[in-house]
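Colleague: output the structure for:
(one chain, ligands or ions: 2)
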Amino acid sequence: MRFDLHIHSCLSPCASLEMAPSAIARAARERGLGGIAIADHNSARNAQAFATCCAREGVAALFGLEVCTAEEVHALTIFDTVEQAMAMTAWVYDALVKRVNQPEVFGDQPVVDADDNIEELEWRMLGFATRRTVYEVGEHAHALGGLVVASHVDRPSFSAFSQLGVLSGDEGFDAMELSRTADESRWRERTGAMPLVRSSDSHLLADLGLVWTEADLAAFTVAELRRVFREGATTLSPPLTRF
Ligand SMILES: [Zn+2]
Ligand SMILES: [Zn+2]
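Modeller: Ligands and ions are numbered 1, 2, ... in the order given. So this is what the prediction gives:
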């Protein structure tokens, strides 16, 4: 199965408004992705619509959020159920800076249903850091039954390496993510024995399916991802030569 664990919907202020869950699920099916995870900044409020749309298209789904930790590390927290992702969202929201979004500056944050109707505009500013540390995020996501993947570790900002320098191993990452253009063999030297995935970090529909991770999964679940990570049985798509 080819899968992509890092897709932003229209709820992310920086993502295109074309990223409705319905359009994401359709594009994923058309481009041969068997499993996809929603990963909006600090929120999973579009996860329920995403679940419905993925089921409609016959694409397996996981539900997450890309938490911006107190250290400004981006970490994907990924769950089997919408309920788990919403429990994580509530815990992240409790420690978000109480600031009202300015759509004209940061972008709109629509919560939508499975038929592209806007239910609400999220008022909280989702693009800023929560006060939860990377260590707390790891512990809480695991306690809820989720996986934690360090986002785009090859990037010079908002990555575990850029923000923390040398890692202790206590950060709670189950895997690390390479972005589209990162050279796998070069980054293997830095990431050591840590399992790797490659994701699109899609903010536009055109981004979907450009890169992926492949593994022999019995089902698209947290337990199966844990197993292939443990066995080192993931294959990454080749990097793009241009972003
Ligand atoms: Zn990120
Ligand atoms: Zn992202």
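Colleague: stretch 195-214 and ligand 2, any residue contact?
Modeller: Yes: judged by Cβ under 5 Å from the ion, stretch 195-214 and ligand 2 are in contact via residue 201. C-beta here means a position set from N, CA and C on the backbone, and glycine is covered the same way.
Colleague: can you tell me which residues contact the nearest residue to residue 191 once chain neighbours are set aside?
Modeller: Spatially, and ignoring its direct neighbours in sequence, residue 191 is nearest to residue 176 (5.1 Å; Cβ to Cβ, 6 or more residues apart in numbering). With contact set as Cβ atoms under 8 Å, 6 or more residues apart in numbering, residue 176 has these partners: 149, 150, 153, 160, 191, 194, 195, 196, 197.
Colleague: could you flag which of those residues are buried?
Modeller: By neighbour count, with 16 or more other Cβ atoms under 10 Å, the contacts of residue 176 hold 149, 150, 153, 160, 191, 194, 195, 196, 197 as buried.
Colleague: please determine how far the fifth one is located from residue 182.
Modeller: The span separating residue 191 from residue 182 equals 10 Å under the rule Cβ to Cβ, to the nearest Å.
Colleague: element containing the residue nearest to residue 191, please.
Modeller: Assigned by DSSP states H and E, residue 176 falls within strand 175-178.
Colleague: could you see whether ligand 2 lies near that strand?
Modeller: No: using Cβ under 5 Å from the ion, strand 175-178 stays clear of ligand 2, coming no nearer than 9.3 Å.
Colleague: one more: stretch 132-149?
Modeller: No: on the criterion Cβ under 5 Å from the ion, stretch 132-149 is out of touch with ligand 2, staying 10.9 Å away.
Colleague: state the mean pLDDT of that stretch.
Modeller: Within the predicted structure, the mean pLDDT of stretch 132-149 is 98.
Colleague: give me the pLDDT for the residue of the chain found nearest ligand 1.
Modeller: The nearest approach of the chain to ligand 1 comes at residue 74, 3.5 Å away (Cβ to the ion). For residue 74, the pLDDT comes out at 98.
Colleague: residue 242 too?
Modeller: In this model, residue 242 is scored at 68, pLDDT.
Colleague: chain center to stretch 103-121, what's the gap?
Modeller: The chain centre lies 18 Å from the centre of stretch 103-121; the measure is Cα atoms, centre = their mean, to the nearest Å.
Colleague: renumber starting at 161 from here on
Modeller: Done: numbering now begins at 161, and the last item shifts to stretch 263-281.
Colleague: give me the residues contacting it.
Modeller: Residues outside stretch 263-281 that contact it (Cβ under 8 Å, 6+ apart): 169-175, 177, 180-183, 205-206, 209, 212-213, 216, 261, 282, 284-287.
Colleague: where is pLDDT lowest across the contacts of residue 336?
Modeller: Least confident by pLDDT among those: that is residue 351, with 91.
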